[in-house]
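*Asks:* What follows is a predicted structure for the sequence shown.
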Amino acid sequence: MIEVLLAILTITLFLTGTLQLIAINTFYKMKNKQEAQASFWIQEDLEEVRSLAADTDTELTASCYPTRKEETYAYALQSAIENRDTNADKPLPGSSPKALLVSNTTQSPNAKMYRMVREYSINFDNDSSTIDQPTVLKINYKVEDINASSSSRSRNQDINRDPIIATQYAEVIPNGSFKCN
């Protein structure tokens, strides 16, 4: 009788451990897939931004010797990006929210929507005679859950405890700035 109880206990412990590993594996597979999709979304947008930087050689109105931040090629590229986001004909890929981890055939009513945020920075010092890279537009990308920031409850029940799914940093130089050298 004791041998049978020990066998049942051993099998129970083995099954419990195995089921926990399966659950953890599923969790990480979903999280990794979501991060990969978010990274692809960032890459897609970044390629469009680089294409815009390459095509704006003649379109950008900027100065080779700027005295204000608004006269730099980086600022002109940032303005072109923001104008393209609001253009209804062909906005950039990251302009509108997307549902990640949702099949292409059916949209679940519980689909989580994510948005991509671009944060720009331009190194420009009005006080010094030297200008630190006014042609480089620095972009920090973030893909975040739209609803997680508004509710801590949804943040705790999501597979991601953090509302930010993916981040990436990029520097883009408009082609028009190369004529200044």
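*Replies:* Arrived safely.
*Asks:* and the nearest residue to A54 once chain neighbours are set aside, how many residues sit next to it?
*Replies:* Take A54 and drop its neighbours on the chain: the residue closest to it by Cβ to Cβ, 6 or more residues apart in numbering is N175, 5.2 Å away. For glycine as for every other residue, the C-beta is placed from the backbone atoms N, C-alpha and C. Neighbour count for N175, taken as other Cβ atoms under 10 Å: 16.
*Asks:* so how far is A53 from N175?
*Replies:* As judged by Cβ to Cβ, to the nearest Å, N175 and A53 stand 6 Å apart.
*Asks:* go on, T18?
*Replies:* Taken as Cβ to Cβ, the span from T18 to A53 is 52 Å.
*Asks:* So which residues of this protein form helices?
*Replies:* With DSSP state H as the criterion, the chain has helices at 2-55, 73-86, 152-157.
*Asks:* Identify whichever of the ones you listed lies nearest to S63.
*Replies:* helix 73-86 (8.5 Å; Cβ to Cβ).
*Asks:* Please state the offset of that closest one from the chain centre?
*Replies:* Chain-centre distance of helix 73-86: 18 Å, with Cα atoms, centre = their mean, to the nearest Å.
*Asks:* can you give me the angle that helix makes with helix 2-55?
*Replies:* Angle of helix 73-86 versus helix 2-55, following axes from the mean of the first three to the mean of the last three Cα atoms, to 10 degrees, is 110 degrees.
*Asks:* if you average pLDDT over helix 73-86, what comes out?
*Replies:* Predicted confidence along helix 73-86 averages 83 (mean pLDDT).
*Asks:* which parts of that helix are buried?
*Replies:* By 16 or more other Cβ atoms under 10 Å, the buried positions in helix 73-86 come out as 73-78, 80-81, 84.
*Asks:* again with stretch 138-148
*Replies:* Neighbour-count burial for stretch 138-148 [16+ other Cβ under 10 Å]: 138-139, 141-145, 148.
*Asks:* okay, and for the protein, where does confidence drop off?
*Replies:* Residue ranges of the chain with pLDDT under 70: 56-60, 87-89, 100-111, 124-134, 148-161, 181.
*Asks:* ok, so what distance separates the residue nearest to A54 from R50?
*Replies:* Counting by Cβ to Cβ - N175 and R50 are separated by 10 Å.
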